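Q: Sequence first, predicted model second:
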Amino acid sequence: MPNIKVLTTLMRELEDQLVVCMRCGMCQAVCPVFAETGLEADVARGKLALLDGLLNEMFKDPQGVYERLNKCLLCGSCAANCPSGVSALEIFIKARAILAGFMGLSPAKKLILRGMLSRPGIFDRVVEWGSKFQKIFTMPANELIGTSCARFVSPLLKDRHFMPLASEPFHRKTAMLNTDKGRSGLKVLFFVGCLIDKIFPQLAQDVIDVLNYHEVGIFMPRKQACCGIPAISSGDLKTFHRLLHYHLKIFDAEKFDYLVTACATCTSTIKEIWPMMADKDSEDMKSRVADISQKTLDISQFLVTKVGLEKSAIEDIDTTVDVTFHDPCHLKKSLGVAAEPRALINANPRYHLIEMPEADRCCGLGGSFNLHYYELSSNIGRIKRNNIKASGSSVVATGCPACMLQISDMLSQSDDKIVVKHPIEIYRELIKINGTHT
Ligand code: SF4
Ligand code: SF4
């Protein structure tokens with residue numbers, strides 16, 4: 001349990017932020033959960049009203065407060081559209097930490113977060129065992145997308161079509177890197193992230209190939225762990241702080257100009273949540289986290305704004321592939337990054353970008369929200385799927401591996417012949433084509 005001083009500070013910060021809400025209700029129009037349930041309790045205004053009396057409610061009905069708070073995607077649509085500038089996400093995250101501090105974590109969360117996530121070596125070994133044995137419990141679902149589904153009736157997997165664990169995580173292939181800056185004059189720390197390491201390792205290779213092509217020095221520290229988002233979303237400050245300290249230590253080994261990731265969720269966690277939730281007691285800690293945060297960029301943002309994109313060496317193109325782009329909430333709503341991933345796609349003349357309706361509407365994953373409220377998550381996901389289909393594209397690109405999972409599930413279940421890609425993959429294809437033309 002976090003100490004009482006930390007919880008009291010969080011409570012005070014929460015109170016200061018809650019008074020900003022003027023109860024106008026404009027967040028209703030943009031909340032994907034409210035759009036499904038129509039319940040005031042599910043929208044930011046309802047949650048904030050509940051939190052206003054948090055101390056009272058927490059003693060009266062802690063489980064009820066917990067459930068209402070957790071029925072939220074943490075998508076940030078409410079915060080991005082709030083005329084009063086209420087930091088709804090910050091409030092929800094702090095409130096979850098206060099509640100978890102008061103109620104404690106469930107045994108399952110304790111096992112997953114404290115027993116595995118906060119211990120990178122154990123986490124890696126468990127996932128590698130999972131990868132070896134997954135075929136016993138799962139079977140291929142959609143060959144084009146590469147998803148699997150449960151082989152037997154499973155209350156955990158339900159009807160999900162999910163991307164299987166990679167047979168070899170990225171860190172097994174490339175444990176660490178430390179290369180010099182070349183003609184770019186820049187060196188980056190490459191933060192891989194769990195989903196890319198364990199499910200989409202090819203994306204990490206694409207990032208490295210692109211950085212090498214642009215002669216950007218790469219520092220990829222050995223034994224990277226999770227950015228901490230699953231822990232802090234569950235209110236587990238202890239695991240979050242442990243991971244934060246762990247990363248600061250391994251990042252210290254080398255100087256770098258920027259920290260880049262190809263995961264929108266990792267980028268926004270490191271850039272926004274690390275400074276928001278770092279221990280406030282240590283000035284040294286605050287300044288180190290602030291420095292890392294300020295250096296953190298999504299890979300597309302880094303390539304477009306700091307390096308400059310490569311021009312295509314191909315002159316005549318017979319056919320192009322129609323592609324549409326889904327804006328991850330953590331990229332557009334949290335960080336305001338939307339043009340840069342599209343620029344990566346547009347750089348490759350073999351692709352033709354078509355905007356889908358409501359490209360920045362949440363895909364409905366929301367991390368553990370998908371585990372707890374799969375039906376609701378799928379209903380929201382199906383709206384995204386329909387928007388993707390409406391674009392008429394055969395490829396949907398998105399800059400977050402978590403969104404890739406949700407979109408793959410939705411498309412795979414409907415047998416749509418639409419492939420899911422990351423913009424870095426599309427840009428990497430251009431680099432490869434250029435390589436064969438020089
Ligand atoms: S959170 Fe913002 S949009 Fe929602 S009710 Fe409060 S002031 Fe209005
Ligand atoms: S973060 Fe998203 S799901 Fe949660 S209340 Fe705000 S808009 Fe609704």
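A: Good, I have the coordinates. Ligands and ions are numbered 1, 2, ... in the order given.
Q: Quick one, grab the pLDDT at L156.
A: Per-residue pLDDT puts L156 at 78.
Q: next one: E375
A: On pLDDT, E375 comes in at 95.
Q: Over to D16?
A: pLDDT recorded at D16 is 84.
Q: So which elements touch the strand or helix carrying it?
A: Using DSSP states H and E, the element containing D16 is helix 4-18. Contacts defined by 3 or more C-beta pairs under 8 Å, 6 or more residues apart in numbering; DSSP states H and E place helix 4-18 against helix 44-52, helix 54-60, helix 88-103. Placement of C-beta: from N, CA and C, glycine included.
Q: and the next element down the chain from the longest one?
A: Using DSSP H and E, the helix or strand that follows helix 88-103 towards the C-terminus is helix 107-109.
Q: Any buried residues in that next one, and which?
A: Buried residues in helix 107-109, counted by 16 or more other C-beta atoms under 10 Å: K109.
Q: Enumerate the positions of the lowest-mean-pLDDT helix or strand in the chain that are buried.
A: Using mean pLDDT, DSSP states H and E, the weakest-scoring helix or strand in the chain turns out to be helix 54-60, at a mean of 71. Residues 54, 57-58 are the ones in helix 54-60 that count as buried (16+ other C-beta under 10 Å).
Q: wait, F162 sits on I407?
A: No. Assessed by C-beta atoms under 8 Å, F162 is found out of contact with I407, at 11.8 Å.
Q: picking that back up, which of the helices and strands packed on helix 4-18 comes out lowest on mean pLDDT?
A: Minimum mean pLDDT among these: helix 54-60, a mean of 71.
Q: List the contacts of the next helix or strand after that helix.
A: Once helix 54-60 ends, the next helix or strand along the chain (criterion: DSSP H and E) is helix 62-70. When contacts are defined by C-beta atoms under 8 Å, 6 or more residues apart in numbering, helix 62-70 is touched by residues 41-42, 46-47, 50-51, 54, 57-58, 92, 95-96, 99, 102-103, 368-369, 372.
Q: check contacts around the closest residue to ligand 2 within the stretch 151-300 of the chain.
A: Nearest to ligand 2 in the stretch 151-300 of the chain, going by C-beta to the nearest ligand atom, is S233, at a distance of 11.3 Å. Residues near S233 by C-beta under 8 Å, 6+ apart: 74, 93, 96, 367-368.
Q: same thing but at 7 Å, please
A: S233 makes contact with 74, 96, 367-368 under the criterion C-beta atoms under 7 Å, 6 or more residues apart in numbering.
Q: and if you look at D124?
A: Residues near D124 by C-beta under 7 Å, 6+ apart: P169.
Q: any idea which element it lies in?
A: helix 120-137.
Q: Alpha carbons of that helix, in CSV - could you do that?
A: Backbone C-alpha positions of helix 120-137 (Å, rounded to 0.1, in the frame of the first residue of the first chain) are rendered in CSV as follows:
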residue,chain,number,x,y,z
PRO,A,120,11.2,-7.9,-16.4
GLY,A,121,13.1,-11.2,-16.4
ILE,A,122,10.2,-13.2,-15.0
PHE,A,123,7.7,-11.5,-17.3
ASP,A,124,9.9,-12.4,-20.4
ARG,A,125,10.2,-16.0,-19.3
VAL,A,126,6.4,-16.4,-18.7
VAL,A,127,5.6,-14.9,-22.1
GLU,A,128,8.2,-17.1,-23.8
TRP,A,129,6.5,-20.2,-22.2
GLY,A,130,3.1,-18.8,-23.2
SER,A,131,4.4,-18.5,-26.8
LYS,A,132,5.7,-22.1,-26.8
PHE,A,133,2.4,-23.6,-25.6
GLN,A,134,-0.2,-21.2,-27.0
LYS,A,135,-1.0,-23.6,-29.9
ILE,A,136,-2.4,-26.1,-27.4
PHE,A,137,-5.2,-23.7,-26.4
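Q: Next, the buried residues of whatever helix or strand comes next after it.
A: Of the helices and strands lying after helix 120-137 in sequence (DSSP H and E), the nearest is strand 138-142. Applying a neighbour-count criterion of 16+ other C-beta under 10 Å, one finds 138, 141-142 buried in strand 138-142.
Q: Please list the residues of the stretch 51-200 of the chain that sit near ligand 1.
A: For the stretch 51-200 of the chain, the contact set with ligand 1 under C-beta under 6 Å from any ligand atom comprises 78, 82, 84, 86, 88.
Q: mind listing which of these are in helices?
A: Residues of these located in helices (DSSP state H): 78, 88.
Q: Let me have the helices and strands packed on helix 4-18 in CSV, extended by distance to V20.
A: CSV is the format used below for the helices and strands packed on helix 4-18 (distance: least, C-beta to C-beta, whole Å):
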stretch, distance to V20
helix 44-52, 9
helix 54-60, 15
helix 88-103, 9
